[in-house]
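Colleague: show me the folded form of this:
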Amino acid sequence: MHSMDLLKDISLGIIFSVAVAHVARLFRQPLILGYVVGGAMLGPVLGLGLITDEVSIEFISEIGLIFLLFIIGLEINIRELMKMGKSIIVTGFFQFAACALLGYGAFYLFGAFPLAHDRLYMAIGLALSSTLIVVKLLNDKFETFTLAGKLTISVLVLQDIWAIIFMAFQPNLQSPQLGGLLLSFIKGFALIGAAFMLSRYLLGRVFSSAAKSPELVLLTSIAWCFLLCSVSEKIGLSKEMGALIAGMSIAAFPYGADIIGKLSGIRDFFVTLFFVSLGLKIPVLSLGDIGVAVALSVFVILTRLLSVPFIAVRMKLGLRAGIISALNLSQISEFSLVIMALGVGYGHISPSAQPIMLTSMLMAAIMATYIINYNDRLAKLLAGCLGRNIQDEDAPQAAGTEHPAKDIIFLGCFREGMFLLDAVDKYAPELKSRVLVVDFNQSLKEPLSARGYEWEYGDLSNPETLSHIGIDKASVVVCTIGDIFLKGTNNLRLLRQMKTLAPSAKKIMLAEDSSSAQALTAEGADSVIISGQVSGQAIFDSLKNLV
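Modeller: Numbering: from 1, shown residues only. Have a look, this model is predicted:
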C-alpha cells in the first residue's frame, strides 16, 4: 500500500508541476517557478492536500539533488578555469566575497535575522546566482561569447567553487571551533586529492576500456558518483559534497559532455521532484514575510551592482562589461536552496529562513527574465546616471561575429573523417585550431592530439551530448560517417537535430546514395556528399587516363 501511495504522489507531483511549468513557459518565466507552484498546489498548507507521502518524495528528490550537484561538478573543469585569465578570475573571486559581506553586514546592522546562523546562510545564499537561468537566457540572446557573457559565466563557475568550500565547512558550523573547521577543510581537500589521483591513474583506464560501450561509460560515472557520496558521508562530510567532487574529478576527461547529456533526463526527473518537495513545504507567508522576500530580491540586484562593476573596472574589463555582468547575475541560485536545505537538516537555521529564501529566489527569477533581456538598455541607463557614456565600440557583438574556440565540428572520424583531416593538414592548416572532432572511439584521442586536433568523446545518437559540447556555437558542422556505420541514428536524423541545436551553422552531410542525398538536401543540408559517387568518379578518372 505504501508503494502505491508513493507512486500516486510522484505521479501527482510530476503532473501538476509540468502543467504549471507549461503556463510559466507561455509567460516566458523560469520552469522552476512552475515546479515549485505545482508542489504548493498539492501541499497541505497552500494547496489541495493531495500529497500524503512527502517524506518519500523528499527521499527521491535527494537523489535528484545528488545528480544535480554531480553535473555541476562535471561542468567545473579546473584546467579551463585556469585559462580564464587573471582579470576574470579575480573578479569572480571577489564578487562572491563582496556580496556575502554586504549581505551579512546589512542583516546585522538592520537586525533582519536575529540568529547568527540565519544571517550567515542568507548572506551566502544571496551571494550565489542561478547558472540554470543565466546560461539559458544568455544562450537565447547569443551573448555567451561576448566579454560580458564570458565574465558572467566565469563568475558563476567561481561561485560554485565558493559554494563547495562552504559545504566542506558546513557540517561543523553548529560548533564552529577552529579545530573542527580545520578538520573539515582537511577532509575535503583529502577527498578531492584522492578522487583526482584515482581519476587520473585508475578511472581513466576504466573509461578507456569502456569507451566503445556508451551505456557502460554512463553507468561507470554514476557508480563513481555514489561511491564518493558514500565515502564523503563516512568521513563526516555531506553526500552532496561527494557528488560535487565526483563530477569535478572526471570533468577534465573528454567524457564529461557525453555523461552530462545522458544524465540530463534522469536528473531533470528527480530535480523536478526536489522543487516539488520545496513547494510542498511553503507555509502561509505573512505580508511581512512577503515584504522581506521582495526586499531581499531588490537587495540582490544592489549587491551585484555595488560589487561587480567596481571590480571589473579595477581589473580593466570595462564599465559596460561590469554593469551587464552585474545585471546578468541579479538572481538567486538553485545552489542556495541546496545549502539552505542542508542547513535545515543540520539544525543550523530556523525553519522560517528556507521559505523566505525560496520566495526570494522565485521573485528574483521572474525579474531576471526581464533584466537579462534588456541588459544592454539598462546598462546604458545606469552608466548615464553615473555620468558615463558607453561607447559604440563596447556594444554587444552580434551573433556570429566572434568565433568560439572550436566552431568547426566534425561528427565522427572514420575513413572519410581521417581523409578530411589529412586534407586540412595539407591545404588549410590554419583551420586546425578551430576544429573539434566528436567520436566515441577512445583510440583516436592520442593520434589526433599529436596532430594538433581536439577530440571529444561523444555519442552521436544522443542530442543532449551534442548540446553540451557547444554545438550551438558552431559555424560549420560536418558529419563524416555514413548511415551504415552510425549507431542509433542516421544522417537525416542528425540533420534534423542540428537544425534545432545549431540553427545558424552550415551543415555538410554524407549520403549513401542519390535518394538519401535528395532527402538530406530537401531537409536543409547546405552540402551533401555521396561517398560512392566520389569514389566512382575518381576510379573513372584513373581509368580514362590509362585507356
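Colleague: quick one, phi psi at the nearest residue to residue 421 once chain neighbours are set aside?
Modeller: The shortest distance from residue 421 to any residue that is not its chain neighbour, by CB to CB, 6 or more residues apart in numbering, is 6.6 Å, and that residue is residue 453. Glycine gets a C-beta too; all of them are placed from N, C-alpha and C. Summarising the backbone geometry of residue 453 under the convention degrees, to the nearest 10, its torsions are phi -100, psi 150.
Colleague: check contacts around residue 453.
Modeller: If you count contacts by CB atoms under 8 Å, 6 or more residues apart in numbering, residue 453 has them with 421, 432, 435-437.
Colleague: the residues you listed, buried ones only, as a PyMOL selection?
Modeller: One line in PyMOL is enough to select the buried members of those, burial here meaning 16 or more other CB atoms under 10 Å:
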select buried, resi 421+435+436+437
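Colleague: which of the contacts of residue 453 lies closest to residue 247?
Modeller: Proximity to residue 247 was ranked across those by CB to CB; first place goes to residue 436, at 21.7 Å.
Colleague: could you report the pLDDT at that closest one?
Modeller: The predicted structure scores residue 436 at 90 on the pLDDT scale.
Colleague: what about the strands in the protein?
Modeller: 408-411, 435-439, 454-457, 476-479, 506-511, 527-530 (DSSP state E).
Colleague: nearest to residue 158, of these?
Modeller: strand 454-457 (24.0 Å).
Colleague: restricting to C-alpha, output the closest one in PDB.
Modeller: The C-alpha trace of strand 454-457 is given here as PDB (Å, rounded to 0.1, in the frame of the first residue of the first chain):
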ATOM      1  CA  GLU A 454      41.000  18.400 -30.200                       C
ATOM      2  CA  TRP A 455      38.900  15.300 -29.700                       C
ATOM      3  CA  GLU A 456      35.800  15.000 -27.500                       C
ATOM      4  CA  TYR A 457      34.100  11.700 -26.500                       C
END
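Colleague: quick revisit: worst mean pLDDT among the strands of the chain?
Modeller: strand 454-457 (a mean of 83).
Colleague: show me what that one is packed against.
Modeller: Contact analysis of strand 454-457 by 3 or more CB pairs under 8 Å, 6 or more residues apart in numbering; DSSP states H and E lists helix 256-280, strand 435-439, helix 445-450 as its packing neighbours.
Colleague: distance to residue 382 added to the ones you listed, as a markdown table?
Modeller: Conversion of the helices and strands packed on strand 454-457 to a markdown table gives the following (distance: least, CB to CB, whole Å):
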| stretch | distance to residue 382 |
| --- | --- |
| helix 256-280 | 32 |
| strand 435-439 | 38 |
| helix 445-450 | 46 |
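Colleague: any idea which of these is most buried?
Modeller: Ranked by mean neighbour count under mean count of other CB atoms under 10 Å, the helices and strands packed on strand 454-457 are led by strand 435-439, which reaches a mean of 24.
Colleague: what lines up beside it in the sheet?
Modeller: Taking DSSP bridges as the criterion, strand 435-439 forms sheet pairs with strand 408-411 (parallel), strand 454-457 (parallel).
Colleague: re earlier: now for the contacts of residue 453, which pair is the farthest apart?
Modeller: Distance extremes for the contacts of residue 453: the farthest pair is 421 and 436 at 11.9 Å, using CB to CB.
Colleague: shared neighbours, those two?
Modeller: When CB under 8 Å, 6+ apart defines a contact, the residues bordering residue 421 and residue 436 alike are 410, 453.
Colleague: and the gap between residue 190 and residue 111?
Modeller: Counting by CB to CB, to the nearest Å, the gap between residue 190 and residue 111 amounts to 40 Å.
Colleague: winner for burial among the strands paired with strand 435-439?
Modeller: On a mean-neighbour basis (criterion: mean count of other CB under 10 Å), the most buried of the strands paired with strand 435-439 is strand 408-411, at a mean of 24.
Colleague: who touches that strand?
Modeller: The set of residues external to strand 408-411 that reach it, using CB under 8 Å, 6+ apart, is 417, 420-421, 431, 434-439, 460, 466, 469, 471, 474-481, 494.
Colleague: now stretch 6-20
Modeller: Defining contact as CB under 8 Å, 6+ apart, one finds that stretch 6-20 is touched by 33-35, 37-39, 41-42, 50-54, 56-57, 60, 269, 272-273, 275-276, 279.
Colleague: what does stretch 262-275 give?
Modeller: Residues from elsewhere that reach stretch 262-275 (CB under 8 Å, 6+ apart): 10, 13-14, 17-18, 32, 35-36, 39, 57, 60-65, 67-68, 70-71, 214, 218, 221-222, 459, 462, 464-465.
Colleague: show me where pLDDT drops low in the stretch 301-450 of the chain?
Modeller: Scanning the stretch 301-450 of the chain for pLDDT under 70 picks out the ranges 389-405.
Colleague: could I have stretch 298-314 exported to PDB, CA atoms only?
Modeller: This file holds the C-alpha atoms of stretch 298-314, laid out as PDB (Å, rounded to 0.1, in the frame of the first residue of the first chain):
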ATOM      1  CA  VAL A 298      16.000  44.000  -4.700                       C
ATOM      2  CA  PHE A 299      19.000  43.700  -2.300                       C
ATOM      3  CA  VAL A 300      20.500  41.000  -4.600                       C
ATOM      4  CA  ILE A 301      20.400  43.400  -7.500                       C
ATOM      5  CA  LEU A 302      22.000  46.200  -5.400                       C
ATOM      6  CA  THR A 303      24.800  44.000  -4.100                       C
ATOM      7  CA  ARG A 304      25.700  42.900  -7.700                       C
ATOM      8  CA  LEU A 305      25.700  46.500  -8.900                       C
ATOM      9  CA  LEU A 306      27.800  47.600  -6.000                       C
ATOM     10  CA  SER A 307      30.400  44.900  -6.400                       C
ATOM     11  CA  VAL A 308      30.800  43.600 -10.000                       C
ATOM     12  CA  PRO A 309      31.200  46.900 -12.000                       C
ATOM     13  CA  PHE A 310      33.700  48.300  -9.400                       C
ATOM     14  CA  ILE A 311      35.900  45.100  -9.600                       C
ATOM     15  CA  ALA A 312      35.600  44.800 -13.400                       C
ATOM     16  CA  VAL A 313      36.700  48.400 -13.900                       C
ATOM     17  CA  ARG A 314      39.600  47.900 -11.500                       C
END
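Colleague: before we move on, the earlier item: how about a markdown table for the strands of the chain, with distance to residue 206 added?
Modeller: Written out in a markdown table, the entries for the strands of the chain read as follows (distance: least, CB to CB, whole Å):
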| stretch | distance to residue 206 |
| --- | --- |
| strand 408-411 | 26 |
| strand 435-439 | 19 |
| strand 454-457 | 13 |
| strand 476-479 | 29 |
| strand 506-511 | 33 |
| strand 527-530 | 37 |
